[in-house]
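Peer 1: Requesting a structural model of the entry that follows:
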Amino acid sequence: MFLVFFASRVIAAERCVLFEDFTNSGCSPCWNVESQVNSFVNANLSSGNLCVIRTHVNWPAANDPIYLANPVEQNVRKVQYGVSSVPYFKIDGILNASAGNLQALFDQRVNIPAIIDIDVARNGNEMSGTFSFRIIAEEDPEWTVPMVLWPILVEDNIPGVGYWTGSVFEQAFRDNVLGYYGEEITFDGSFPDTVYMSADYSINPSWNAEELHLATFVQCSYTQNEHEVENCHWAKFLDLQTGIDQFGWNSPDSPLLSVGPNPSNGQIDISASLPMNSTGTVEVYNLTGRLLFSRSAADTNTLSIDEPGVYLVRLTTSQGISVTESIAVIR
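Peer 2: All right, here's what the predicted structure looks like:
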């Protein structure tokens with residue numbers, strides 16, 4: 001039982017589901033389900049729990065402009081899943097979907113607890129710079145195959161051709177900023193453990209920076225037979241937090257969270273420090289992903305937990321920056 005709570009936001013990593021749509025401008029069946037697909041995307045994208053990448057292939061229309069703009073990296077995504085016909089839909093890399101069951105499969109995945117959390121920052125201008133990535137494993141993921149970080153830029157509202165004439169291409173694949181096969185992630189422990197990575201970006205002058213989004217996700221390596229996505233991060237390119245890198249995330253201007261003693265007999269002291277002009281939330285989860293408590297960071301500083309076990313506490317600021325700590329309760 002929780003007696004008193006404290007400041008800021010704590011969560012077991014909130015799951016964001018990856019939806020991949022393989023399509024082509026000359027594909028009549030693709031166009032026929034476009035309204036269903038768009039309805040699903042529009043209903044869920046604003047929640048922050050959905051990432052969308054629409055990869056274009058070279059058939060039936062070999063002159064598809066999205067495909068021609070980056071054929072090699074899009075072929076990597078196509079070959080990874082063995083896509084041989086379009087439309088082809090994949091949820092979190094493992095669930096084959098149809099236009100009619102996208103919502104049901106999304107609901108199935110979004111309720112699965114995640115232990116991988118992804119934060120992204122941008123240091124640069126509208127044309128070039130560096131993405132900084134912070135990947136947190138809240139417990140040992142016990143991966144048996146290599147896991148890779150994929151940050152993929154997509155663009156909205158591109159004038160359509162073929163069956164899309166008079167309409168637009170949405171979430172169209174533009175660039176995998178870490179190259180064809182992403183970059184492998186390795187955690188050393190103890191957990192929670194954090195890995196920092198970075199990637200330079202260069203925006204093609206023909207792209208509209210206002211329409212760009214970045215879909216960043218952790219997925220099994222390209223060479224594996226199963227490609228489960230562990231978690232995603234979705235953000236508008238120009239809205240990504242700026243001025244933060246590995247050191248910025250740990251600077252005095254970053255949120256600080258202290259939880260102790262650890263292990264605890266159930267009486268826990270929490271200290272949360274927020275950057276100037278920030279607000280925050282603290283949430284507490286058990287390892288099944290069940291939310292146990294949530295309150296403003298400014299409200300309290302003491303917590304009582306009766307049940308023994310391991311709990312995750314996360315402080316998240318109004319700027320979207322988060323810090324996670326785990327604590328063991330022993331009775």
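
Peer 1: which residues touch Gly166?
Peer 2: Contacts of Gly166 were listed using Cβ atoms under 8 Å, 6 or more residues apart in numbering, and they are Gly160. Where C-beta positions appear, they are placed from N, C-alpha and C, glycine not excepted.

Peer 1: Could you tell me how far it is located from Glu230?
Peer 2: Applying Cβ to Cβ, to the nearest Å, the value for Gly166 to Glu230 is 39 Å.

Peer 1: Same question for Tyr196.
Peer 2: 17 Å.

Peer 1: ditto for Phe173
Peer 2: Computed as Cβ to Cβ, the Phe173 to Glu230 distance reads 21 Å.

Peer 1: now swap in Cys51 and tell me
Peer 2: Taken as Cβ to Cβ, the span from Cys51 to Glu230 is 12 Å.

Peer 1: overlap in contacts of those two?
Peer 2: Phe217.

Peer 1: show me where pLDDT drops low in the stretch 151-300 of the chain?
Peer 2: Low-confidence segments of the stretch 151-300 of the chain, defined by pLDDT under 70: 245-254, 276, 300.

Peer 1: Strands of that one, residue ranges please.
Peer 2: 158-159, 168-169, 172-176, 183-185, 193-202, 212-220, 229-236, 241-242, 256-260, 267-273, 280-286, 291-296 (DSSP state E, counting those that start in this stretch).

Peer 1: In a markdown table: those, plus mean neighbour count.
Peer 2: Output for the strands of the stretch 151-300 of the chain, formatted as a markdown table (neighbours: other Cβ atoms under 10 Å):
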| stretch | mean neighbour count |
| --- | --- |
| strand 158-159 | 16 |
| strand 168-169 | 18 |
| strand 172-176 | 24 |
| strand 183-185 | 15 |
| strand 193-202 | 15 |
| strand 212-220 | 24 |
| strand 229-236 | 22 |
| strand 241-242 | 16 |
| strand 256-260 | 18 |
| strand 267-273 | 19 |
| strand 280-286 | 24 |
| strand 291-296 | 17 |
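
Peer 1: closest to Ser318 out of the ones you listed?
Peer 2: strand 280-286 (6.6 Å; Cβ to Cβ).

Peer 1: Next, the angle strand 291-296 makes with that closest one.
Peer 2: Put simply, strand 280-286 runs at 170 degrees to strand 291-296, going by axes from the mean of the first three to the mean of the last three Cα atoms, to 10 degrees.

Peer 1: Flag every buried residue along stretch 41-58.
Peer 2: Within stretch 41-58, the residues that count as buried by 16 or more other Cβ atoms under 10 Å are 41, 44-45, 49-58.

Peer 1: Name the nearest of those residues relative to Asn111.
Peer 2: Once Cβ to Cβ is applied, the member of the buried residues of stretch 41-58 that ends up nearest Asn111 is Asn49, at 10.0 Å.

Peer 1: helix, strand or coil for Asn75?
Peer 2: Taken by DSSP: H, G, I helix; E, B strand; the rest coil, the conformation at Asn75 corresponds to helix.

Peer 1: From Asn176, how far off is it?
Peer 2: Distance, Asn75 to Asn176, by Cβ to Cβ: 11 Å.

Peer 1: Which neighbours do these two have in common?
Peer 2: Joint contacts of Asn75 and Asn176 (Cβ under 8 Å, 6+ apart) do not exist.

Peer 1: In terms of pLDDT, where does the closest residue to Val41 other than its chain neighbours sit?
Peer 2: Of all residues not flanking Val41 in the chain, Val52 sits nearest, at 5.5 Å (Cβ to Cβ, 6 or more residues apart in numbering). Val52 carries a pLDDT value of 98.

Peer 1: Need the three-state assignment for Val52.
Peer 2: strand.

Peer 1: Doesn't Val72 lie inside a helix?
Peer 2: Yes - counting by three-state DSSP, Val72 falls inside a helix.

Peer 1: Please list all residues in contact with the residue nearest to it when sequence neighbours are not counted.
Peer 2: Closest residue in space to Val72, ignoring its immediate chain neighbours: Tyr180 at 6.6 Å, by Cβ to Cβ, 6+ apart. Contact partners of Tyr180, counting by Cβ under 8 Å, 6+ apart, are Val72, Glu73, Val76.

Peer 1: In TSV, list the residues you listed along with neighbour count.
Peer 2: Converted to TSV, these look like this (neighbours: other Cβ under 10 Å):
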residue	neighbour count
Val72	9
Glu73	18
Val76	17
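
Peer 1: Save those as TSV, and put in pLDDT too.
Peer 2: Supplementary listing: these in TSV, determined by pLDDT from 0 to 100:
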residue	pLDDT
Val72	97
Glu73	97
Val76	96
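
Peer 1: mind putting those residues in a markdown table, distance to Val154 included?
Peer 2: Putting those into a markdown table (distance: Cβ to Cβ, whole Å) gives the following:
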| residue | distance to Val154 |
| --- | --- |
| Val72 | 17 |
| Glu73 | 12 |
| Val76 | 15 |
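
Peer 1: wait, which of the residues you listed is closest to Ser206?
Peer 2: When the contacts of Tyr180 are compared against Ser206 (criterion: Cβ to Cβ), the nearest one is Glu73, at 16.6 Å.

Peer 1: Identify the residue spatially nearest to the closest one, adjacent ones excluded.
Peer 2: The shortest distance from Glu73 to any non-neighbouring residue, by Cβ to Cβ, 6+ apart, is to Asn176 (4.8 Å).
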